[in-house]
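Participant: predicted model, plus sequence, below.
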Amino acid sequence: MIHLIPRKWAAGTAIWILWGGTLSAAEPSQLETFLARPIFDADQALIDVQLYCVGRIPRMPAVCSADEWAQKAGQLRESVLRDVVYRGKAIHWRDAPAQVQWLDSIEGGPGYRIRKLRYEILPGMWTAALLYEPEKLEGKVPVILNVNGHSPEGKEYHPKQLRCINQAKRGMLALNVEWLGMGQLRTEGFQHYRMNQLDLCGTSGLAPFYLAMKRGLDILLELEHADPERLAVTGLSGGGWQTITISSLDPRVKLSVPVAGYSSFVTRTEHLKDLGDSEQTPCDLATIVDYTHLTAMMAPRPTLLIYNQDDNCCFEAKYALQPLVDAAAPIFDLFGRTDYLRSHINYDPGTHNYEQDNREALYRMLRDHFYEGSSEFNAGEIPSEDEIKTADELFVELPGKNEDFNTLALALAKTLPVGAELPADPQAATRWRESRRHQLAELIRFKSYEIEAAEIDKQPCGDLTVRGWKLTCGPWNLPCVGIDPEEARATAVLIGDEGYEKLAADAERLANDDHCVLMLDLTGVGKSAPSKSMLFSLLTAAIGDRPLGIEAGQLAAAARWAAGANEGKPVRLVAVGPRMGVTALVAAAQETEAIECVELAGALGSLKEILENNRGVDQLPELFCFGLLEAFDIKQIAALVAPRKIVLREPSDRAKQELADLL
């Protein structure tokens with residue numbers, strides 16, 4: 001028994017709720033077997049996204065003088081900070097006072113002590129740090145920000161401790177800072193894929209990462225003995241990424257030593273192990289710069305690029321290093337500072353490390369540029385293994401309530417979306433839809449594609465005829481399966497979060513209801529999901545597009561193609577799962593003629609559920625579209641589908657609650 005319960009919003013949208021129902025099983029095993037077969041080469045999805053991204057990554061500009069580059073670098077720096085780092089509420093975080101609280105000191109080793117401190121990254125978000133301080137200080141001395149990567153030990157990571165100890169024993173002030181998501185901040189709310197929750201709310205998720213480093217520099221430069229002309233940053237892996245990011249964007253840094261921490265975005269499209277986490281691939285960064293630019297922006301400041309020959313994690317020296325040198329070396333040459341750009345390749349152990357060989361390369365760099373190459377400076381490792389501290393010894397008390405990505409996003413979302421009220425007057429609602437439809441298209445960077453279809457396969461399946469199609473949709477190649485009953489009265493386009501291979505039962509239900517069914521996998525889903533699909537989604541956003549806009553554009557194009565094949569009759573969109581549910585609503589909001597109704601199963605009632613359930617971009621990649629929740633929730637997108645019908649199959653209580661005004 002199926003019950004249909006309609007109510008109407010003034011603008012004319014009707015949302016229908018379907019409860020229960022029976023599914024016919026016309027030999028599903030035959031259909032499932034067909035659905036499991038590849039339509040075309042399995043590498044096609046990867047090739048498509050590689051070509052799409054690599055052609056949109058910015059290349060180094062041609063410059064003829066040091067002055068020209070200095071002006072260009074300043075413009076790039078300003079653009080990245082304004083348009084990537086400090087978007088939305090992050091500008092207020094930047095300008096807010098940040099507390100620093102010095103705590104107790106513990107004995108370090110011969111000649112130095114360790115002072116504990118905590119500081120605010122932004123209001124209410126605290127991190128821990130350790131200052132390795134020589135016992136005898138006179139005059140101004142070098143200061144070094146030591147950042148760490150994805151090692152779960154955080155600031156307790158032994159090679160990092162040895163590095164800080166060696167710096168202190170040479171008379172330097174070494175700050176060992178905790179990293180978000182590691183060590184004492186290793187919580188679900190600080191997990192790196194959660195930073196995109198802030199992006200969803202229209203505020204930069206990159207900002208806390210950047211501000212954590214900026215505040216660390218502030219602390220170092222406020223020390224009595226700090227020499228602002230001898231300020232360095234260094235770190236491994238994610239710490240290498242932090243090093244080049246803060247060093248290139250903050251001219252206060254006078255020497256930079258990133259270790260196995262980054263490669264060009266172009267390199268990453270080929271070497272997939274280099275595709276980085278959310279912070280390494282922030283939204284829209286690659287509309288302004290590549291990491292080649294960031295490296296060149298160090299000129300003429302001393303820079304040492306350290307890479308490991310056979311890195312078992314990422315950024316192998318054999319492919320990652322040279323493109324960076326090729327981009328930056330000519331810029332250093334313009335300044336007459338060819339020798340200020342150096343590189344070091346580690347062969348022993350040659351894996352992902354900041355062990356003794358790499359540390360000694362750092363010490364030599366410090367000697368040559370901070371101590372004028374003094375022969376009295378010991379560039380060898382000072383053995384200090386017996387001075388390593390435990391995590392308990394290095395523990396820094398943090399406030400009981402500490403903001404993280406998730407709590408910040410939840411707080412931002414309380415007043416979102418802006419202008420959420422739907423107009424009750426029908427004429428006002430029509431004007432609202434026209435305006436907001438255009439706004440949505442711009443926000444998601446909606447793509448208008450046309451379909452070229454090639455039939456690949458055809459065979460009977462019980463009472464059905466099943467066809468395999470290759471759809472060329474702009475730069476994308478999409479697999480599609482068509483299911484034709486003997487008599488069809490309508491057409492349905494069927495998509496699902498897990499790919500069409502898992503939708504045999506839904507396809508049979510629609511076919512038994514006399515629908516021609518087109519089952520489609522959009523880019524990033526099912527058979528159209530390349531290796532490292534989610535990381536390519538991040539890269540797609542970094543180059544200025546949005547996965548949601550691409551997928552919705554593909555779906556709208558497929559609907560037009562399907563309608564055209566059926567004498568222009570509009571089609572029904574059927575989406576299973578929260579990802580494809582939002583994609584279907586967006587496609588229907590944009591394509592007003594070829595789509596007559598939308599049916600959703602497992603749909604979200606609100607984008608805020610993503611935040612409330614603390615979901616990450618690795619789980620729902622296309623839904624973390626920058627600023628989407630700032631302007632639209634599910635309710636507002638659904639209202640754009642009016643006056644066409646939306647059908648909810650066994651909706652959640654949240655969906656019924658949120659969409660009550662449209663029922």
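Facilitator: Alright, I've got the coordinates.
Participant: any regions of the stretch 551-663 of the chain where pLDDT drops low?
Facilitator: 663 (pLDDT under 70).
Participant: repeat the analysis, applying 80 as the threshold.
Facilitator: Filtered on pLDDT under 80, the stretch 551-663 of the chain yields the residue ranges 661-663.
Participant: nearest residue to the middle of the protein?
Facilitator: Nearest to the geometric centre of the chain sits S278, at 3.3 Å (Cα atoms, centre = their mean).
Participant: confirm for me that that one is in contact with N196.
Facilitator: Yes: with contacts defined as Cβ atoms under 8 Å, S278 counts as touching N196 at a distance of 5.4 Å. C-beta: built from backbone N, CA, C; applies to glycine.
Participant: helices along the stretch 401-550 of the chain, start to end?
Facilitator: Along the stretch 401-550 of the chain, the segments classed as helices by DSSP state H, counting those that start in this stretch run 405-413, 426-443, 504-512, 533-542, 547-565.
Participant: can I get these in a markdown table including mean neighbour count and distance to C314?
Facilitator: Below are these laid out as a markdown table (neighbours: other Cβ atoms under 10 Å; distance: least, Cβ to Cβ, whole Å):
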| stretch | mean neighbour count | distance to C314 |
| --- | --- | --- |
| helix 405-413 | 22 | 23 |
| helix 426-443 | 16 | 32 |
| helix 504-512 | 22 | 39 |
| helix 533-542 | 25 | 11 |
| helix 547-565 | 25 | 23 |
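Participant: right, and those helices - which one's nearest A655?
Facilitator: For A655, the closest of the helices of the stretch 401-550 of the chain is helix 405-413, at 17.4 Å, according to Cβ to Cβ.
Participant: helix, strand or coil for the nearest residue to Q50 once chain neighbours are set aside?
Facilitator: Nearest residue to Q50 in three dimensions, chain neighbours excluded: T269, at 4.8 Å (Cβ to Cβ, 6 or more residues apart in numbering). Three-state assignment for T269 (DSSP: H, G, I helix; E, B strand; the rest coil): helix.
Participant: mind checking pLDDT for T269?
Facilitator: pLDDT, T269: 98.
Participant: try the one 4 residues further on
Facilitator: Looking at K273, its pLDDT is 97.
Participant: next: V141.
Facilitator: We have a pLDDT of 98 for V141.
Participant: for it, list each beta-bridge partner.
Facilitator: Judged by DSSP bridges, the bridge partners of V141 are A226.
Participant: ok, it - how many residues close by?
Facilitator: Neighbour count of V141, defined by other Cβ atoms under 10 Å: 17.
Participant: that one reaches A174, doesn't it?
Facilitator: No: with contact defined as Cβ under 8 Å, V141 does not reach A174; the gap is 10.5 Å.
Participant: which residue is the nearest non-sequential neighbour of I288?
Facilitator: Leaving aside its chain neighbours, I288 sits nearest to S79 (4.9 Å; criterion: Cβ to Cβ, 6+ apart).
Participant: so where is this structure shaky, pLDDT-wise?
Facilitator: Residues of the chain that meet the cut-off, pLDDT under 80, sit at 1-29, 661-663.
Participant: redo that, cut-off 70
Facilitator: Low-confidence segments of the chain (pLDDT under 70): 1-14, 16-29, 663.
Participant: about what we covered before: reformat the helices of the stretch 401-550 of the chain as TSV; add distance to V466.
Facilitator: Shown next, in TSV, are those (distance: least, Cβ to Cβ, whole Å):
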stretch	distance to V466
helix 405-413	44
helix 426-443	35
helix 504-512	9
helix 533-542	26
helix 547-565	16
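Participant: quick one: closest of the ones you listed to Y291.
Facilitator: Here helix 533-542 is closest among those (Cβ to Cβ), at 11.0 Å.
Participant: tilt between the closest one and helix 547-565?
Facilitator: Going by axes from the mean of the first three to the mean of the last three Cα atoms, to 10 degrees, helix 533-542 is angled at 100 degrees with respect to helix 547-565.
Participant: against C516, how distant is the nearest residue to R467 once chain neighbours are set aside?
Facilitator: Distances taken as Cβ to Cβ, 6+ apart place G482 nearest to R467, at 4.2 Å, with adjacent residues excluded. For G482, the distance to C516 equals 7 Å [Cβ to Cβ, to the nearest Å].
Participant: what's the answer for G373, then?
Facilitator: G373 is 77 Å from C516, where distance means Cβ to Cβ.
Participant: part of a strand, is the residue nearest to I288?
Facilitator: No: looking at S79 with three-state DSSP, it is helix, so not inside a strand.
Participant: next, count neighbours for it.
Facilitator: 14.
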